[in-house]
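3D, please:
(chains A and B)
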Number of protein chains: 2
Amino acid sequence: MNTVLSSLHIRRVGIDTWRENVAFLHRSCPVVRAAGFQALAKVTVRANGQSIAAVLNVVDDEAIVGPLELGLSEEAFDRLGVAAGRDVTVEHAEPPPSIAALHRKIAGERLSRDDLVAVMRDIAAARYSKIELAAFVVATNQFELDRDEVLHLTEAMIAVGRRIDWQHDVRGGPVVDKHCIGGIPGNRTSMLVVPIVTAHGMLCPKTSSRAITSPAGTADTMEVLAEVELPLERLQQIVRETRGCLAWGGTADLSPADDILISVERPLAIDSPGQMVASILSKKIAAGSTHLVLDIPVGPSAKVRSMPEAQRLKKLFEYVAQRLGLQLDAVITDGRQPIGRGIGPVLEAHDVMQVLANHPDAPQDLRQKSLHLAGRVIEFDPDVRGGDGWRIARDILDSGRALAQMNAIIDAQGRRGAIPDPAPLTFEVTAAADGVVIGIDNLRLARIARLAGAPQVRDAGVWLARKLGDAVRQGELLYRLHAHYDTDLSFARRMAEQGSGYRIGRAEDMPHDFARNGAAA
Amino acid sequence: MNTVLSSLHIRRVGIDTWRENVAFLHRSCPVVRAAGFQALAKVTVRANGQSIAAVLNVVDDEAIVGPLELGLSEEAFDRLGVAAGRDVTVEHAEPPPSIAALHRKIAGERLSRDDLVAVMRDIAAARYSKIELAAFVVATNQFELDRDEVLHLTEAMIAVGRRIDWQHDVRGGPVVDKHCIGGIPGNRTSMLVVPIVTAHGMLCPKTSSRAITSPAGTADTMEVLAEVELPLERLQQIVRETRGCLAWGGTADLSPADDILISVERPLAIDSPGQMVASILSKKIAAGSTHLVLDIPVGPSAKVRSMPEAQRLKKLFEYVAQRLGLQLDAVITDGRQPIGRGIGPVLEAHDVMQVLANHPDAPQDLRQKSLHLAGRVIEFDPDVRGGDGWRIARDILDSGRALAQMNAIIDAQGRRGAIPDPAPLTFEVTAAADGVVIGIDNLRLARIARLAGAPQVRDAGVWLARKLGDAVRQGELLYRLHAHYDTDLSFARRMAEQGSGYRIGRAEDMPHDFARNGAAA
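Numbering: from 1, shown residues only, chains lettered A, B, ... in the order given. Sure thing, here's the model as predicted:
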């Protein structure tokens, strides 16, 4: 390196660019002039034996960076971990080592395990630009991955992150988990399954995601009750104390490449089977789970829309899980409508606590589905007879032991006080005619709840007064919007007025099977 | 809109984010808190009847933006065109109208003309994120576009930009152009073809690109001699004065969607036939050309590597051109090695001026290729007999009329003074053994020239002392590196030492055909 390159001092620039590292250089900085840097060029910043990749923004304001400074966006500054004022060097970034593999995938080739490990390593190290990430996601979506490629992708995702080992704690017993492929609003069964199965004595280190395109993720709803952003060491300590947790997965550094890929898949509405399987199973295996119950909801507005499609997806999950030594019980469930009554963090937290408290108004569909899934998890216990799981789960819930266990987990994670009331501004969506509810569109209700403010406005969302099969008279309440801000309410209301997402008809027109080719397993 | 949303004042933030619009809001801005904005959210900024889409960065430093301000990056501020301090509103961006068509293309569907016009309109209006742009490019690369889709994509690119009409100037005569598909370093034939054919009296409004991944584009080399960033009105005036120009195409707003797509295709090394055809023909038709000579170089390190591939590409160009009423003469040429001796803006400008001045040291391959192509353009003249074009072109060049015409064009665009000498720091790459030059790798020479500093350092690059078929003795010069900075020279030198890009062997081993299946048309 010549002298020009080593004469810059590092500075933290108070701009949050989220996951994208941005480096700021002044236009009259000698390095910009000498090395011919242009805005949006990819650079490598090195200091003190550390290096990070970043996108360059050129600055014309010395209040942001001076000509002899190199600024880094907040997260990039933290990631490099060097004190302000220290010397840094900057150079044009070399293409990431796996770029040739990416180009081969774009050209339609099959990638080997080594290729995929190289790609995941580069992604986890933030060496891919958003353009390159999108290219990988679209290319692997289009040339559908064969099942061995999915296996290798899953292994690669695990290989580049941390992995938790609970064997010292369970001494050969199962480490259990429960996961849903998503797409059903209000589907907060994890918050019931975890207290039930841990009350049974099983170890269940559950991590969940926040909402990206949905009105709430389990982490958002749990956050109404307790802290969820727990460092990995704290999470392990809590699980050792209470046998379970309900934490946000993003802090634990499990399958970090997947977190980055998801940030690109969601805006493109890409959810290919291969990527879904690799994403879910890599996270579970990295979290140290040995036994997993997987919920695959099927319905006309669910992610999976037909039984043959659900069966294909189930077999792909089973193939990869078996190769990786994970015991998998995939359950195909009714995904024709939201689960419970609330959609949005606070409204869903009320539903969950009502079920745990055996309240007479508690939503029965959420209770029944949770017992079903918890029963399947409990049957992983070698001492439980096949078929006894549901009864054991019900006894734990009815006896109040699940509620007590939930309170222990909340206290361990850090209790956040009483659940607030739903947001005060409301609008009521009513039936246009007499009849029976014969259809509820999951996607539309999710979109309306998001416009009302969920999940960022945690007490906003939708409260469902009627579910499938309920009789309703013209003018009676179907659901209520809750919002905190006028604009949010008017946006959500306009969407609901354009189409409520409810179909009212004759009872005999309601499809009783939730998928075209038959009922659930 | 409620009061919260309208209380922000606009501010220009002195950060150059190139083509990406960035909006800056302080973390304690009421809008961020109320509307739940997160970093990297897509927002719509409105003021004074104008609106732009932008990506949000959240700021923690009031020196950049205050809590009641909305900052815009430099280009975004200019694009919105509202004075600092004016009121603006900001809201979550709606997805671009064509997003459903993008998702259908990702899923493998064929898009209609209307779909493609909607996509190009959104891209030209900067409503696509980089992720969405990359997804479109990869999806259209993978499900190869059929020829009618290529036609519709071309029409859509034309439809969303400006279009120049020269019919008043040529009164039914041809408006000619010449274009190369690229990939051959030093291939500056346009700077000879334009003066020759305009000296013959034809109208040739030539626009060119700057280098993106190459060591120089025609616009970079022409910029050594004259201004090339000309607004559309000025460009039209120059063409009316001199019958020709050699301008940068980026300022003219011709096929603006293509400019944006290229910025994503290049880093992904995607150059699919459909995208190439739509990109080139949309720009030519938007520039008002009626007759085009197209140069398709073929060789082992050219873009097109075999004669069957060149023929398929030629037919695709011909199909789309014919449907759009453009007369096309596609010429398959020898792409086995760089053209001329210089690689890099200044070195190439020397080559061009030597040919125009009939200097005895002028590179003969550049002269011959330019005469060949200029002759084909001249034969578009209805008064010229088939076969006479080359001789007419040669007479114009030999007589000095081409040089005089080039000087007229340079003066009209704005002369920039004498051509500088090549950069002073040099390194000589020599032959490792006696023999004949039997191979020169275009890609490697381009990469070495870029490391030496080209095109940003305009006098940097490579000067070729030997070409294919030349005899050479061990230790004799193959080529010389020119650089302006020590680091540039050492990077380029290291690359050349790892592999010079030259193959030295026995004369009888040199492939005389430049493509596997035969010689040029």
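
and residue A:20, how many neighbours does it have?
Using other Cβ atoms under 10 Å in any protein chain shown, the number of residues around residue A:20 comes to 18. Any C-beta I mention is one placed from the backbone N, CA and C, and that applies to glycine too.

meant to ask about residue A:340, not that
The tally of other residues near residue A:340 (other Cβ under 10 Å) stands at 29.

And for the one 4 residues further on?
Per other Cβ under 10 Å, the neighbour tally for residue A:344 reads 34.

any chance you could read off phi and psi for it?
For residue A:344, the backbone dihedrals (degrees, to the nearest 10) come out as phi 120, psi 150.

Next one, pLDDT for the nearest residue to it once chain neighbours are set aside please.
Using Cβ to Cβ, 6 or more residues apart in numbering or on different chains and skipping the chain neighbours, the partner closest in space to residue A:344 is residue A:461 (2.0 Å). The pLDDT attached to residue A:461 in the predicted structure is 97.

Which strand residues bridge residue A:461?
Beta-bridge pairing of residue A:461, defined through DSSP bridges, involves residue A:482.

now it: how far from chain B?
Applying Cβ to the nearest Cβ, to the nearest Å, the value for residue A:461 to chain B is 13 Å.

what's the answer for residue A:48, then?
Here the distance between residue A:48 and chain B works out to 21 Å (Cβ to the nearest Cβ).

try residue A:155
As for residue A:155, its distance to chain B is 24 Å (criterion: Cβ to the nearest Cβ).

distance between the helix or strand where that residue lies and the chain's centre?
Taking DSSP states H and E as the criterion, residue A:155 maps to helix A:147-159. Counting by Cα atoms, centre = their mean, to the nearest Å, helix A:147-159 is centred 19 Å from the centre of its parent chain.

In it, which residues are buried?
When burial is assessed from 16 or more other Cβ atoms under 10 Å in any protein chain shown, helix A:147-159 yields the following buried residues: A:149, A:150, A:151, A:152, A:153, A:154, A:155, A:156, A:157, A:158, A:159.

can you list contacts of it?
Contacts of helix A:147-159 with the rest of the structure, by Cβ atoms under 8 Å, 6 or more residues apart in numbering or on different chains, involve A:110-113, A:116-117, A:119-121, A:140, A:145, A:255, A:257-258, A:273-275, A:277-279, A:281-282, A:285-286, A:316, A:319-320, A:323-324.

In CSV: the buried residues of helix A:147-159, plus pLDDT.
Putting those into CSV (pLDDT from 0 to 100) gives the following:
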residue, pLDDT
A:149, 92
A:150, 94
A:151, 96
A:152, 96
A:153, 95
A:154, 96
A:155, 96
A:156, 95
A:157, 95
A:158, 94
A:159, 93
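
Out of the residues you listed, which comes closest to chain B?
If you rank the buried residues of helix A:147-159 by distance to chain B using Cβ to the nearest Cβ, residue A:149 comes first, at 15.9 Å.

any idea how far the closest one is from residue A:120?
Taken as Cβ to Cβ, to the nearest Å, the spacing of residue A:149 relative to residue A:120 amounts to 13 Å.

picking up where we left off before, the residue nearest to residue A:344 reaches residue A:342, doesn't it?
Yes: with contact defined as Cβ atoms under 8 Å, residue A:461 and residue A:342 form a contacting pair (6.5 Å).

These two: who's more crowded?
The residue with the greater number of neighbours, taking residue A:461 and residue A:342 and applying other Cβ under 10 Å, is residue A:461; the counts read 34 against 31.

contacting residues around that one?
Residues touching residue A:461, when contacts are defined by Cβ under 8 Å, 6+ apart, comprise A:215-216, A:342-348, A:422-423, A:449, A:452-454, A:481-482.
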